[in-house]
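Asker: sequence plus the predicted model coming up.
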Amino acid sequence: MVKKSMKSKSKRISLKKKYMVIKKVKEHNRKKAKEAKKLRLSRKKKVEKDPGIPNDWPLKEHEVKALEAGRAEVIEELKRKKVECKERVIEVFDVLLEVVDARDPLDLVLQESVEKWLKYLIEELLTVAFKCST
């Protein structure tokens, strides 16, 4: 009885087999590319570049100013929408909490200035002062 070796077999293959595999892989990739081309999956849509306004156009300056004005209006509209969104957010909430640190890195702020600021804020806005540490 012949004993089998416990070592794993070598994974080497002959060059003929290796080249056959490479050839089949290339053929397979070619077929896939052909199918994709038929289905138009591989094509990317080209974005047409704006040719702009020719220099010899008689009303070029007028057109450029009109375009810039249009862009400015769009930008202003976006800014206005941002502000409206912020205002709506504030209107939706019942309570808005702003945390203010009344310390100076070198020394604590004087009690008088804290009281003056508190008095000012209470007169201007609905304000409630509280201490986090007791």
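Answerer: Yep, that arrived.
Asker: for the one helix or strand residue 20 maps to, what is the average pLDDT?
Answerer: Residue 20 belongs to helix 15-39 when assigned by DSSP states H and E. Regarding helix 15-39, the rounded mean pLDDT is 92.
Asker: again with stretch 126-134
Answerer: 72.
Asker: same thing with stretch 74-86?
Answerer: Rounded mean pLDDT across stretch 74-86 is 88.
Asker: how far does the top helix by length along the chain sit from the chain's center?
Answerer: What stands out as the longest helix in the chain, according to DSSP state H, is helix 60-92. Computed by CA atoms, centre = their mean, to the nearest Å, the chain-centroid distance of helix 60-92 equals 21 Å.
Asker: count the residues that sit near residue 119.
Answerer: Residue 119 has 11 neighbouring residues, counting by other CB atoms under 10 Å. (C-beta placed from N, C-alpha, C; glycine too.)
Asker: next secondary structure after the longest helix of the chain?
Answerer: helix 111-124.
Asker: which secondary structure elements does the longest helix of the chain sit against?
Answerer: The contact analysis (3 or more CB pairs under 8 Å, 6 or more residues apart in numbering; DSSP states H and E) places helix 60-92 against no helix or strand.
Asker: next, count neighbours for residue 60.
Answerer: For residue 60, using other CB under 10 Å, the count is 13.
Asker: mind starting the numbering at 28 from now?
Answerer: Okay, using 28 as the starting number, the last item reads as residue 87.
Asker: can you tell me the closest non-neighbouring residue to it?
Answerer: For residue 87, ignoring the flanking residues on the chain, the nearest one in space by CB to CB, 6 or more residues apart in numbering is residue 80 at 5.1 Å.
Asker: assign the one you found to helix, strand or coil.
Answerer: When classified by DSSP: H, G, I helix; E, B strand; the rest coil, residue 80 comes out as coil.
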